[in-house]
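Novice: Build me a model from this:
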Amino acid sequence: MFGATGRHGRLYRCQGLHTPHGACRPAVRLRRPLIRARGIAGPQEARQPQQRPRRGGFRRSPGIEAGRYGPLRREAARAAGTGNGYAHGGTRPYKEGREAAQRGIAARTGSVHDREREEREVSVAFPQHGGDLGWAAERYGLAREEFLDFSANVNPLGPSPQALQAARAALAEISRYPEPHAASLRAELAEFLALAPGLLVLGNGSTELIHHLVRSMGPRRVTVVSPAFAEYAQAADNVGAGISCLQLSAEDGFSLDAEQLAAAAASSQITFFCNPASPSGRLYGRAELFPALQACRESGRLLVVDESFMGFCPPHLAGAASLIPEVGGEGLVLVSTLTKLFALAGLRGPGWLAGPARLASRLEEEAVPWRVNCVALAAALSSLADRAYIEETRKKVPEWREEFARELEATGMFQVFPSHVNFLLLRLADPGFTAAALADELGRRGILVRQCGNFRGLEEGFIRVAVREPADNARLLAVLEDISAIR
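Specialist: As a prediction, this is how the structure comes out:
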């Protein structure tokens with residue numbers, strides 16, 4: 001078994017133990033059927049009797065008894081004080097991690113003595129994903145429309161005006177069923193991507209397709225290149241797959257060892273990789289992924305690359321990074337969504353998956369009909385046709401991002417990681433002020449950011465902020481200056 005500590009691209013063997021917030025945790029592999037290790041306090045404690053067998057040969061450990069799965073698991077994790085269901089610190093057993101979390105979500109230095117702030121940090125149970133305005137309204141006592149949301153990575157221009165017009169017109173059709181398989185959108189998207197329609201599967205957002213793919217394939221082991229979107233590991237955990245985490249490090253800018261990725265991909269039925277990466281914003285060249293793709297093709301494995309943010313990259317960079325030219329061959333699936341580039345999050349994209357014709361056909365046959373509603377269908381078709389909107393996005397977002405990054409760096413509060421997309425990863429420069437405390441203070445002032453404590457490798461001191469219009473960015477900067485001045 002690989003060790004569960006270290007940085008710089010080490011492979012972590014996390015036997016099916018994924019929290020709902022993007023963190024993989026070490027587990028104990030005994031023999032098949034595998035035994036879950038959640039709740040085991042450490043090697044010195046006797047293993048507790050396992051309970052309630054479930055599909056796939058896995059058993060529930062009594063560590064989080066009521067909350068092992070779905071919402072109950074999240075509530076149990078929150079009650080434990082972690083706020084993200086993760087044994088805080090990454091390598092510590094759950095009980096020890098929970099106790100650490102109860103002392104504070106992140107390590108504190110002697111410069112912080114505000115007991116009220118510490119108690120507030122412990123009590124914060126941040127949402128699994130960004131953009132949860134309902135949670136924010138309940139916690140901070142503000143109306144949803146009062147928040148300035150930097151926690152969700154969607155196009156700061158908002159939806160295309162043509163898409164809004166089409167969506168309004170489509171409301172007249174809501175008493176009728178939409179196209180069962182969204183054939184018109186599949187044809188239009190195939191032309192947009194220069195792919196054959198038979199290679200595409202559409203869904204109600206890319207998350208639905210990620211889960212659908214994993215359910216259909218039923219892998220025994222999945223590798224996730226971390227830090228990463230939580231739903232890759234969640235989908236694997238839902239089918240009882242073991243999970244390995246190939247950990248990239250902030251210390252070296254999340255650089256990727258292509259040969260190590262290839263070795264990891266050859267050992268798992270499915271390997272998930274996000275490019276451009278979230279939450280880091282780094283773009284990886286196609287050549288960096290070729291060894292892994294070749295390893296998958298030779299070993300009958302599958303490389304799944306999430307290109308949801310590729311549309312924000314300039315064409316010359318996207319052309320050198322996207323694996324769309326490789327789609328159709330064995331060993332590769334791309335997933336993406338129209339949610340991000342076209343700001344259609346509330347309509348759930350739609351999302352799309354592209355892969356070998358036989359796999360795409362099987363997934364289409366297994367999928368439920370009518371999964372793209374008529375309003376989403378109309379908005380998506382109009383968005384794809386609005387090339388002026390796409391060009392404006394690709395012109396303005398990089399300009400706003402670079403200006404925003406310079407201004408954030410100038411505050412002296414953050415290290416700003418280079419980004420090619422519509423968000424920035426920040427590391428707090430002051431170790432005495434935790435990311436959880438900052439995110440909570442901003443929330444009280446009507447600004448939401450993505451606290452990154454639930455991403456493996458970013459447990460302490462990281463936040464992610466979306467790039468918004470300059471006036472919105474200026475408001476965040478002013479509030480940060482005010483917070484910094486009173487500390």
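
Novice: Output the below-cut-off pLDDT ranges for this structure.
Specialist: 1-123, 487 (pLDDT under 70).

Novice: and E391, how many neighbours?
Specialist: 11 (other C-beta atoms under 10 Å). All C-beta atoms are positioned from the backbone trio N, CA, C, and that covers glycine.

Novice: Am I right that it falls within a strand?
Specialist: No - counting by DSSP: H, G, I helix; E, B strand; the rest coil, E391 is not part of a strand but helix.

Novice: can you pull out the strands in the stretch 101-250 of the chain?
Specialist: Using DSSP state E, counting those that start in this stretch, the strands found in the stretch 101-250 of the chain span residues 148-149, 200-203, 221-226, 242-247.

Novice: Next up, the contacts around the closest residue to D430 other than its chain neighbours.
Specialist: Distance criterion C-beta to C-beta, 6 or more residues apart in numbering; nearest residue to D430, sequence neighbours excluded, is M413 at 6.7 Å. M413 makes contact with 428-430, 480, 484, according to C-beta atoms under 8 Å, 6 or more residues apart in numbering.

Novice: and if you look at F150?
Specialist: Per C-beta under 8 Å, 6+ apart, neighbours of F150: 447-450, 465-466, 468, 472, 476.

Novice: still on that earlier bit, which stretch among the strands of the stretch 101-250 of the chain comes nearest W370?
Specialist: W370 sits nearest to strand 200-203 of all the strands of the stretch 101-250 of the chain, at 11.3 Å, using C-beta to C-beta.

Novice: Other residues contacting the closest one?
Specialist: Strand 200-203 is contacted by residues 181-182, 185-186, 189-190, 193, 209, 212, 349-355, 360, 363-364, 367, 371-372 when judged by C-beta under 8 Å, 6+ apart.

Novice: Which members of those are classed as buried?
Specialist: Burial by neighbour count, 16 or more other C-beta atoms under 10 Å: within the contacts of strand 200-203 this picks out 181-182, 185-186, 189-190, 193, 209, 212, 349-355, 360, 363, 367, 371-372.

Novice: Which members of the residues you listed are positioned in helices?
Specialist: Secondary structure from DSSP state H places 185-186, 189-190, 193, 209, 212, 360, 363 of these in helices.

Novice: Turn these into a markdown table, columns for distance to P156.
Specialist: Formatted as a markdown table, these follow (distance: C-beta to C-beta, whole Å):
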| residue | distance to P156 |
| --- | --- |
| L185 | 25 |
| R186 | 28 |
| L189 | 23 |
| A190 | 28 |
| L193 | 24 |
| L209 | 25 |
| H212 | 30 |
| A360 | 33 |
| L363 | 33 |
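
Novice: so, if you compare these, which one comes nearest to A287?
Specialist: Set against A287, the nearest of those by C-beta to C-beta is L193 (21.1 Å).

Novice: picking that back up, so how do I select the buried members of the contacts of M413 in PyMOL?
Specialist: Applied in PyMOL, the following selects the buried portion of the contacts of M413 according to 16+ other C-beta under 10 Å:
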select buried, resi 428+430+480
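
Novice: Next step: the contacts of M413 restricted to strands.
Specialist: With strands taken from DSSP state E, the overlap with the contacts of M413 comprises L428.

Novice: residues contacting S184?
Specialist: S184 touches 377, 381, counting by C-beta under 8 Å, 6+ apart.

Novice: Tell me the spacing between it and F192.
Specialist: 13 Å (C-beta to C-beta, to the nearest Å).

Novice: Verify the contact between F462 and L426 for me.
Specialist: Yes - using C-beta atoms under 8 Å, F462 is in contact with L426, at 6.8 Å.

Novice: ok, back up a step: for the strands of the stretch 101-250 of the chain, which one sits closest to L344?
Specialist: strand 200-203 (13.0 Å).

Novice: Pairing partners for the closest one, with directions?
Specialist: strand 351-354 (antiparallel) (DSSP bridges).

Novice: how far out from the middle of the chain is the partner strand?
Specialist: 16 Å (C-alpha atoms, centre = their mean, to the nearest Å).

Novice: what's the answer for stretch 348-358, then?
Specialist: With C-alpha atoms, centre = their mean, you get 18 Å for stretch 348-358.

Novice: Can you give me the end-to-end span of that stretch?
Specialist: Start-to-end span of stretch 348-358 (C-alpha to C-alpha, to the nearest Å) is 26 Å.

Novice: just the helices in the stretch 251-400 of the chain please.
Specialist: For the stretch 251-400 of the chain, applying DSSP state H, counting those that start in this stretch gives helices covering 258-266, 286-299, 315-321, 357-366, 374-385, 387-410.

Novice: what's the closest of those helices to A152?
Specialist: For the helices of the stretch 251-400 of the chain, proximity to A152 was assessed by C-beta to C-beta; helix 387-410 is nearest, at 14.6 Å.

Novice: For the helix or strand following the closest one, list every residue counted as buried.
Specialist: For helix 387-410, the following helix or strand on the C-terminal side (DSSP states H and E) is strand 414-416. Of all the residues in strand 414-416, those buried under the rule 16+ other C-beta under 10 Å are 414, 416.

Novice: what's the offset of strand 414-416 from the middle of its chain?
Specialist: 21 Å.

Novice: Direction included, what does it pair up with?
Specialist: Sheet pairing for strand 414-416, using DSSP bridges, gives strand 423-428 (antiparallel).

Novice: Output the helix or strand just after the strand it pairs with as PDB, nothing but the C-alphas.
Specialist: Once the chain leaves strand 423-428, the next helix or strand it forms, by DSSP H and E, is helix 435-444. Written as PDB, here are the backbone C-alpha positions of helix 435-444 (Å, rounded to 0.1, in the frame of the first residue of the first chain):
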ATOM      1  CA  ALA A 435      -9.200  30.400   5.300                       C
ATOM      2  CA  ALA A 436     -12.300  29.300   7.200                       C
ATOM      3  CA  ALA A 437     -12.200  32.500   9.300                       C
ATOM      4  CA  LEU A 438     -11.700  34.700   6.300                       C
ATOM      5  CA  ALA A 439     -14.500  33.000   4.200                       C
ATOM      6  CA  ASP A 440     -16.900  33.300   7.200                       C
ATOM      7  CA  GLU A 441     -16.000  37.000   7.700                       C
ATOM      8  CA  LEU A 442     -16.500  37.700   4.000                       C
ATOM      9  CA  GLY A 443     -19.800  35.900   4.100                       C
ATOM     10  CA  ARG A 444     -21.000  38.100   7.000                       C
END
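
Novice: what about the nearest residue to E403 once chain neighbours are set aside, how many neighbours?
Specialist: With C-beta to C-beta, 6+ apart as the criterion, E403 has its nearest non-adjacent residue at 7.0 Å, and that residue is P470. As a burial measure, P470 scores 15 neighbours (other C-beta under 10 Å).
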